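K.L.:
I'd like to go over a predicted model; first the sequence, then the structure.
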Amino acid sequence: MHSVSSNAVAVANSYSTTEQFTGRYWIDGKKIYKKTYYMGTVPSWTSGSVFLRIPFDVDFETIVEMKGMIVPNSSSTAAQVEYYSIPKPPKVGQSSYNVSLKIKPYNDVLNLELETNSELNNKDAYATVYYTKVNN
């Protein structure tokens with residue numbers, strides 16, 4: 001059994017673009033780490049899908065969880081101040097977007113795929129990945 005330190009609690013409740021041990025362990029007993037990535041600004045919507053791809057630089061063994069947010073940025077107008085979760089929760093009523101995260105290990109890419117019938121430009125996307133490492 002692993003004990004949880006106060007430092008682990010602080011890390012679990014914070015986000016960083018550098019790798020952090022979460023204080024948690026996967027079912028195989030390996031430490032779970034997390035890292036937050038800035039995916040970039042969502043480009044102006046024209047039709048169909050938008051893809052944001054960035055390098056995924058972690059030598060991982062198991063991906064435990066991926067989640068993120070699309071948030072207004074300094075260029076957003078008052079009408080564009082809306083927040084979108086990644087992945088999108090189950091549909092409730094009418095919904096104007098579908099968003100997902102995918103890691104492609106064969107080319108080390110973290111991929112955000114966004115399908116929308118709304119204009120989401122002037123928003124930034126962030127993704128946090130939770131994983132175990134190969135030699136841990």
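P.N.:
Okay, I see it. All of these numbers come straight from a predicted model, not from anything done at the bench.
K.L.:
pLDDT score for residue 55?
P.N.:
Residue 55 is assigned 87 on the pLDDT scale.
K.L.:
can you give me the strands in the chain?
P.N.:
For the chain, strands defined by DSSP state E occupy the ranges 20-25, 31-41, 49-55, 60-72, 84-86, 97-104, 109-116, 123-133.
K.L.:
For those strands, give me JSON lines that also has distance to residue 14 and mean neighbour count.
P.N.:
Backbone N, C-alpha and C define where each C-beta goes, glycine included. Formatted as JSON lines, these follow (distance: least, C-beta to C-beta, whole Å; neighbours: other C-beta atoms under 10 Å):
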{"stretch": "strand 20-25", "distance to residue 14": "7", "mean neighbour count": "18"}
{"stretch": "strand 31-41", "distance to residue 14": "9", "mean neighbour count": "18"}
{"stretch": "strand 49-55", "distance to residue 14": "21", "mean neighbour count": "15"}
{"stretch": "strand 60-72", "distance to residue 14": "15", "mean neighbour count": "17"}
{"stretch": "strand 84-86", "distance to residue 14": "19", "mean neighbour count": "17"}
{"stretch": "strand 97-104", "distance to residue 14": "20", "mean neighbour count": "16"}
{"stretch": "strand 109-116", "distance to residue 14": "20", "mean neighbour count": "18"}
{"stretch": "strand 123-133", "distance to residue 14": "11", "mean neighbour count": "20"}
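K.L.:
I'd like these as JSON lines, with distance to residue 78 appended.
P.N.:
Below are the strands of the chain laid out as JSON lines (distance: least, C-beta to C-beta, whole Å):
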{"stretch": "strand 20-25", "distance to residue 78": "35"}
{"stretch": "strand 31-41", "distance to residue 78": "18"}
{"stretch": "strand 49-55", "distance to residue 78": "23"}
{"stretch": "strand 60-72", "distance to residue 78": "9"}
{"stretch": "strand 84-86", "distance to residue 78": "17"}
{"stretch": "strand 97-104", "distance to residue 78": "20"}
{"stretch": "strand 109-116", "distance to residue 78": "20"}
{"stretch": "strand 123-133", "distance to residue 78": "14"}
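K.L.:
Fine, thanks again, bye for now.
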